[in-house]
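Participant: Sequence first, then the predicted structure, then my questions.
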Amino acid sequence: MLRAYASNMSGYKNEGFVEVLAAQQSPENTDWFQGTADAVRQYLWLIEEQNVLEFLVFAGDHLYRTDYEKFIQAHRVSDADITVAALPMDEKRATAFGLMKIEKEGRIIEFSKKPKGEKLQAMKVDTSILGLDDKRAKKCRLLQVQAYLYDGYWEDIGTIEAFYHANLGITKKPVPDFRSACYTTYNKLVKSAA
């Protein structure tokens, strides 16, 4: 990743850097990360040490193609505290993912992790903001959490089955464009010994 994005930083006038922060265990914490939010929590010391004002968090178990510059611009324009990339999901696959209710302005008003049954159905209808009625919600200072509606290629590869199906999927028409003059995709080519 460092090699892949070092040249892309020029688009941001070298105002940033890319550092890959891998999951790790330590004497203080012998467990692996318990999800993306826990990974961010465990690396807060680094974010604070570097005095970072904006940062991107990527899931390592997804295969996708996106223009991060557009994502960053949308985040800045919305003046959000947090921006989450989101895409529509069909009901058949929805129970495997976190679902969000999003207002027409893009503000996320509810999140449900892997809902099933009634909880899945509840995500289809509007409810109050984070359990607060309208009057109380307006008085409370909540984080401004926005959705960035992503319409590019995305697949989950977090399980062996999902990884297998994603590999088969990229061979079908239309094939996702991973070879673009605007965006370079780096991979490690291992030459055969034969």
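Facilitator: Now that the structure is in, tell me what you want to look at.

Participant: Look up which helix or strand residue 73 falls in, please.
Facilitator: For residue 73, the enclosing helix or strand under DSSP states H and E is helix 68-78.

Participant: Centre of the chain to that helix, how far?
Facilitator: 13 Å (Cα atoms, centre = their mean, to the nearest Å).

Participant: And for stretch 38-50?
Facilitator: 17 Å.

Participant: could you give me the average pLDDT of it?
Facilitator: Summarised as a single mean, pLDDT over stretch 38-50 is 84.

Participant: so residue 31, which of the three states?
Facilitator: coil (DSSP: H, G, I helix; E, B strand; the rest coil).

Participant: Likewise for residue 111?
Facilitator: Classification of residue 111 by three-state DSSP places it in strand.

Participant: What is the burial count for it?
Facilitator: Neighbours of residue 111 under the rule other Cβ atoms under 10 Å: 14. C-beta: built from backbone N, CA, C; applies to glycine.

Participant: How about the one 3 residues further on?
Facilitator: Using other Cβ under 10 Å, residue 114 has 12 other residues around it.

Participant: Which pLDDT value goes with the nearest residue to it once chain neighbours are set aside?
Facilitator: Spatial nearest neighbour of residue 114, excluding adjacent residues (Cβ to Cβ, 6 or more residues apart in numbering): residue 95 at 5.9 Å. On the pLDDT scale, residue 95 is placed at 81.

Participant: Output the helix holding residue 73 as CSV, nothing but the C-alphas.
Facilitator: Below are the C-alpha coordinates for helix 68-78, written out as CSV (Å, rounded to 0.1, in the frame of the first residue of the first chain):
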residue,chain,number,x,y,z
TYR,A,68,-10.4,8.4,-2.4
GLU,A,69,-10.1,12.0,-3.5
LYS,A,70,-13.8,12.2,-4.2
PHE,A,71,-14.5,10.6,-0.8
ILE,A,72,-12.3,13.1,1.0
GLN,A,73,-13.9,16.0,-0.9
ALA,A,74,-17.4,14.8,0.0
HIS,A,75,-16.3,14.5,3.7
ARG,A,76,-15.0,18.0,3.8
VAL,A,77,-17.9,19.5,2.0
SER,A,78,-20.4,17.9,4.4
